[in-house]
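In: have a look at this prediction, sequence included:
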Amino acid sequence: MTILYLDCHAGISGDMTVGALLDLGVPLEHLRAELARLGLPPGSYELSTSRTERHHVAALKFEVAVHDHHTHRHYTGIDDMIAASGLSEGVKERARAIFWRLAEAEALVHGVAIDEVHFHEVGAVDSIMDIVGTAICLEYLGVDAVYSGALPLGSGFVETSHGRLPVPAPATAELLKGLPVHGECGPGERVTPTGAAIVATLSSGFGKRPAMLLEKTGCGAGGKDFPDCPNILRVFLGRSVETAGHADEVIVVEANIDDSTPEVLGYAMERLLEAGALDVFFTPIQMKKNRPGVMVSFLCRTGQLDQLAELLLIETSAIGLRWYRAGRIILQRRSIEQQTEFGTVRFKQVFDNSGKLLRATPEYEDCRRIARERNIPCREVMERLQRIGVPEK
């Protein structure tokens with residue numbers, strides 16, 4: 001699997017992203033030819049790159065000179081343009097997803113429906129180039145997964161078509177929800193709405209660089225030269241390191257409870273699993289005032305956090321919770337049906353990275369059903385099914 005890691009120590013913007021990806025080896029002519037598929041008027045823009053440096057660190061500056069200035073563009077118009085273009089389906093999917101995320105944030109900030117969102121700076125030709133250009137470069141490089149470091153919040157004010165806004169700008173702040181941020185950088189706009197939308201949409205995980213066989217690095221330069229750190233976006237391209245299983249990232253949510261009944265907690269577990277939690281478990285703990293309690297924990301994806309956290313707070317007596325990101329390594333698995341002496345039974349197969357079958361286990365619910373129907377011990381059903389084995393394919 002090809003991995004791209006975004007080192008956003010100084011921030012991220014659309015032009016910094018494209019510049020960094022071009023620095024990895026994407027030909028500018030390829031980018032020009034693919035962007036022409038959008039069907040924008042000939043001569044309405046011009047793309048260029050130049051070598052520069054930020055704090056004596058070499059980087060590539062990507063620039064779009066816009067000759068056809070449209071101050072207002074609806075989200076629907078941009079989305080329709082990308083959908084109707086001659087770009088590949090993969091590029092369309094990534095670019096449209098980024099613009100959708102951006103439109104959601106703008107709609108929330110301005111209190112309008114998504115279809116009514118007008119883009120100003122974001123909807124200008126240069127930002128369309130940045131977002132679609134990012135998707136084109138990722139496809140050229142064959143990137144399967146994107147990961148990102150924490151993002152700087154910045155401070156101060158920025159001048160926009162909406163007037164003078166605090167940093168981070170409202171749309172940027174909305175896009176940063178649920179993402180790791182820090183305040184280590186100095187003043188200035190370090191993350192633009194376009195940059196935040198790219199990270200929020202494409203990143204599969206955040207934090208330290210994932211284990212990879214590093215192949216290339218690239219640097220994209222920002223427009224300003226901040227005094228506190230080099231204003232560059234570094235990107236790392238490589239292949240995932242083979243492990244015992246597939247690595248991914250989950251959210252771990254925990255709440256300490258000392259005043260809920262077992263019935264309430266059991267029902268909460270059922271509701272969380274039904275709502276899509278990856279796992280739910282209870283841990284006995286000793287709380288203040290020497291009260292025995294229970295720590296309720298569940299695992300979920302980033303996009304599930306708000307919904308499942310609200311469900312936990314509604315269904316239990318918890319008055320708060322904590323959450324954090326955790327990496328995990330999982331083996332490949334699949335469920336198949338197999339004809340046995342007891343009829344059709346579902347088995348869970350587990351494989352290593354090479355596709356070799358490690359084990360196959362009969363599903364407990366099927367074993368339980370058979371035991372009741374045949375009036376034999378469940379243990380015996382499981383042992384007999386385990387002995388028959390299942391084919392690898």
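Out: Ah, there it is.
In: dump whichever strand or helix holds F298 to PDB, restricted to CA.
Out: Per DSSP states H and E, F298 falls inside strand 292-300. Output in PDB follows, covering the C-alpha atoms of strand 292-300 (Å, rounded to 0.1, in the frame of the first residue of the first chain):
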ATOM      1  CA  PRO A 292     -16.800   0.200  43.000                       C
ATOM      2  CA  GLY A 293     -17.600   1.300  39.500                       C
ATOM      3  CA  VAL A 294     -17.500   0.400  35.900                       C
ATOM      4  CA  MET A 295     -15.500   1.900  33.100                       C
ATOM      5  CA  VAL A 296     -17.500   1.700  29.900                       C
ATOM      6  CA  SER A 297     -15.300   1.700  26.800                       C
ATOM      7  CA  PHE A 298     -16.100   1.500  23.100                       C
ATOM      8  CA  LEU A 299     -14.100   1.700  19.800                       C
ATOM      9  CA  CYS A 300     -15.300   3.600  16.800                       C
END
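In: quick one: distance of it to the chain centre.
Out: 25 Å (C-alpha atoms, centre = their mean, to the nearest Å).
In: cool, and stretch 297-307?
Out: 13 Å.
In: buried residues in that stretch, which are they?
Out: Residues S297, F298, L299, C300, T302, Q304 are the ones in stretch 297-307 that count as buried (16 or more other C-beta atoms under 10 Å). Heads up, the C-betas are built off the backbone N, CA and C, glycines and all.
In: now what about the strand holding F298, what contacts it?
Out: 250-258, 260, 265, 268-269, 272, 276-287, 308, 312, 316, 318 (C-beta atoms under 8 Å, 6 or more residues apart in numbering).
In: quick check, nearest of the buried residues of stretch 297-307 to I3?
Out: Nearest to I3 among those: T302, at 17.7 Å, using C-beta to C-beta.
In: pretty sure the closest one contacts K177?
Out: No - using C-beta atoms under 8 Å as the test, T302 is too far from K177 to be in contact (10.4 Å).
In: longest strand of the protein?
Out: When the chain is parsed with DSSP state E, its longest strand is strand 246-257.
In: partner strands of that one, parallel or antiparallel?
Out: strand 292-300 (antiparallel), strand 322-330 (antiparallel) (DSSP bridges).
In: tell me the most buried of those?
Out: strand 292-300 (a mean of 18; mean count of other C-beta atoms under 10 Å).
In: now that strand: mean pLDDT?
Out: For strand 292-300, mean pLDDT is 95.
In: in the helix or strand following that strand, what counts as buried?
Out: Sequence order places helix 305-315 as the next helix or strand after strand 292-300, per DSSP H and E. Using 16+ other C-beta under 10 Å as the test for burial, helix 305-315 gives L308, A309, L311, L312, E315.
In: what does helix 305-315 rub up against?
Out: The contact list for helix 305-315, computed with C-beta under 8 Å, 6+ apart, reads 178, 251, 253, 255, 264, 267-268, 271-272, 275-277, 296, 298, 300, 318-319, 321, 323.
In: now with 6 Å?
Out: I251, A268, R271, A275, A277, C300, L321 (C-beta atoms under 6 Å, 6 or more residues apart in numbering).
In: fine by me, we can end here.
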